[in-house]
Structures are given as C-alpha cells and as structure tokens.
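Engineer: Sequence first, predicted model second:
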Amino acid sequence: MKAETRPHHERAERTVRLLDPGLTLEHYRHHLEALYGFYAPLEAQLSEQLADFLPELRAAERRKLPLLARDLRALGHDASSLARLPHASWMPPLTGIPAALGCCYVLEGATLGGQLILRHLQRHFAGVPAGDFAFFRAYGEDVGTMWRAFGEALTRVSSAAASEEFDARVVQAAKDTFDAFGGWLQQEAREATLQP
Ligand code: HEM
C-alpha cells in the first residue's frame, strides 16, 4: 500500500504547509477550515459504510470532524460559521467495501504524520492561544494502536477476499483519496491568496 501510493502521499504532503517556519495563526485556521470542508462530506459516508461491514473498526470513534470543530471553535468559529464552510466538490467514489477501506487507509495514515505536525505546532505556537490541536493529536497515546487495528482489519478482509481485483480497488481508492485531498487543499490555498 505504502509503496504503491508513495507519489500520491508526497503530493498530498506538499499541500500541507503547516511546517513552514512563517506559519501564522490565520494560515493554521485556514488549513483547518479546508480540512473541515473535506472531512465533513467524506467521513459521513465512510463511517456509515464501515460501521455496517466492519463494526470492529469502530469507525464512529475514528471520526475527526468533532476534533476539527473543537480546534476551529478555539479559533473563533461557532456552529453557524462552521456550517457555512465550503465543502470539497470532488470526493473519491466510495463504491463498496474495498473503496471504503482504501479511503480509510489514507485518513487513518494521516494520523501518523499528524504526530510530527502536532509536535511542531506545539512548539511553534507555544504561549499563543491556538487551541489544543485536537485534530493532529487525534487518538493521543492510542495513535499506534488504532493504526495497527486498522492494518489488521485491512489484512483480514483482503485475505478473506483473496482477490487481486479487490486489492487493486483498495489501492485505487487510496490514490483517489490522496488526490482529492491534495486537489481540494490546493484549490483552497489558491482562493485564500486571491482574497484581498
Ligand atoms: C506535512 C504533511 C505530512 C507529513 C510530514 C507526513 C509524514 C508521514 C510520516 C513520517 C509517515 C510514516 C509514519 C510512520 O510510519 O510511523 C506517514 C505515513 C502516512 N501518511 Fe503522512 N504525512 C503528511 C501528510 C499526510 C496527509 C495529508 C495524508 C493523507 C491525506 C497522509 C497519509 C499518510 C498515510 C496513509 C500514511 C501511512 C503509510 C503506511 O505506512 O502505509 N500523510 N506520513
């Protein structure tokens, strides 16, 4: 998975500018707003599909939207301003279990790189009221456990399916999710710079 999607990870990673030394609170807030517009439509679909098929994944507990909402509230948002945030227009097609698993792989894997970003944000915004970085903190000390549990579920389902086509659909969905993520973040960043 990792090897096959590496170039897609690299492209998505480049759209995350949170490690820039000149990062401002406004940039950070804007990044979270863009993430909110991506996770809101995607997670709703995803956790529904996975809850039915793979309840042991505890998809509801993996949802990041409440964490994004918490961070954005700490930066001045309220329920009505959150509801007005634009949503990504292109979503990876979640047509069945392999697609849901490929998409989930990307969202779950993002919690790993997220730990590096968390440590950076904590240092960068030390002493600044920037919230407690709930999204990047994700599952806190359970990040590793949650990632392994996802990996085991993926391996189990893929072994049970024992089909190259199944695996290819998982990989394709992961690539599509990375690309949808990167495309949306890039579009949002462009719009932010166009604003006066
Ligand atoms: C500045 C941004 C990012 C950095 C620095 C970063 C860094 C990393 C690092 C260091 C790992 C390996 C962690 C480990 O093995 O313990 C990783 C894994 C991963 N990241 Fe990122 N990442 C970033 C952004 C993203 C984004 C935006 C996504 C998804 C939208 C993503 C998805 C993944 C996935 C799926 C894995 C798991 C790969 C595997 O082991 O199969 N990352 N990332």
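Structural biologist: Cool, got the structure. Numbers count the residues shown, from 1 in each chain.
Engineer: So which residues on this structure come close to the ligand?
Structural biologist: For the chain, the contact set with the ligand under C-beta under 6 Å from any ligand atom comprises 1-2, 9, 12-13, 16, 19, 105-106, 109-110, 112-113, 116-117, 178, 181. The way it works is simple: take the backbone N, C-alpha and C, and place the C-beta from them, glycine included.
Engineer: Check which residues of the biggest helix by length in the chain are buried.
Structural biologist: Identified as the longest helix of the chain according to DSSP state H is helix 164-194. Buried residues in helix 164-194, counting neighbours by 16 or more other C-beta atoms under 10 Å, are found at 166-167, 169-185, 187-189.
Engineer: what packs against that helix?
Structural biologist: helix 2-14, helix 25-53, helix 97-124, helix 143-161 (3 or more C-beta pairs under 8 Å, 6 or more residues apart in numbering; DSSP states H and E).
Engineer: Kindly reformat those helices as TSV containing distance to residue 65.
Structural biologist: Converted to TSV, the helices and strands packed on helix 164-194 look like this (distance: least, C-beta to C-beta, whole Å):
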stretch	distance to residue 65
helix 2-14	19
helix 25-53	5
helix 97-124	11
helix 143-161	16
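Engineer: Out of those helices, flag the one nearest residue 61.
Structural biologist: Taking C-beta to C-beta, helix 143-161 is the member of those nearest to residue 61, at 8.4 Å.
Engineer: CA-only coordinates of that closest one in PDB, if you can.
Structural biologist: Taking C-alpha atoms only, helix 143-161 is exported to PDB below (Å, rounded to 0.1, in the frame of the first residue of the first chain):
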ATOM      1  CA  VAL A 143      -2.500   6.500  17.600                       C
ATOM      2  CA  GLY A 144      -0.200   3.400  17.200                       C
ATOM      3  CA  THR A 145      -2.900   1.000  18.500                       C
ATOM      4  CA  MET A 146      -5.600   2.400  16.300                       C
ATOM      5  CA  TRP A 147      -3.300   2.300  13.200                       C
ATOM      6  CA  ARG A 148      -2.400  -1.300  13.900                       C
ATOM      7  CA  ALA A 149      -6.000  -2.300  14.400                       C
ATOM      8  CA  PHE A 150      -6.900  -0.700  11.100                       C
ATOM      9  CA  GLY A 151      -4.000  -2.500   9.400                       C
ATOM     10  CA  GLU A 152      -5.100  -5.900  10.900                       C
ATOM     11  CA  ALA A 153      -8.700  -5.400   9.700                       C
ATOM     12  CA  LEU A 154      -7.500  -4.500   6.200                       C
ATOM     13  CA  THR A 155      -5.200  -7.600   6.000                       C
ATOM     14  CA  ARG A 156      -8.000  -9.800   7.300                       C
ATOM     15  CA  VAL A 157     -10.600  -8.500   4.800                       C
ATOM     16  CA  SER A 158      -8.200  -8.600   2.000                       C
ATOM     17  CA  SER A 159      -7.100 -12.200   2.800                       C
ATOM     18  CA  ALA A 160     -10.700 -13.300   3.100                       C
ATOM     19  CA  ALA A 161     -11.500 -11.800  -0.300                       C
END
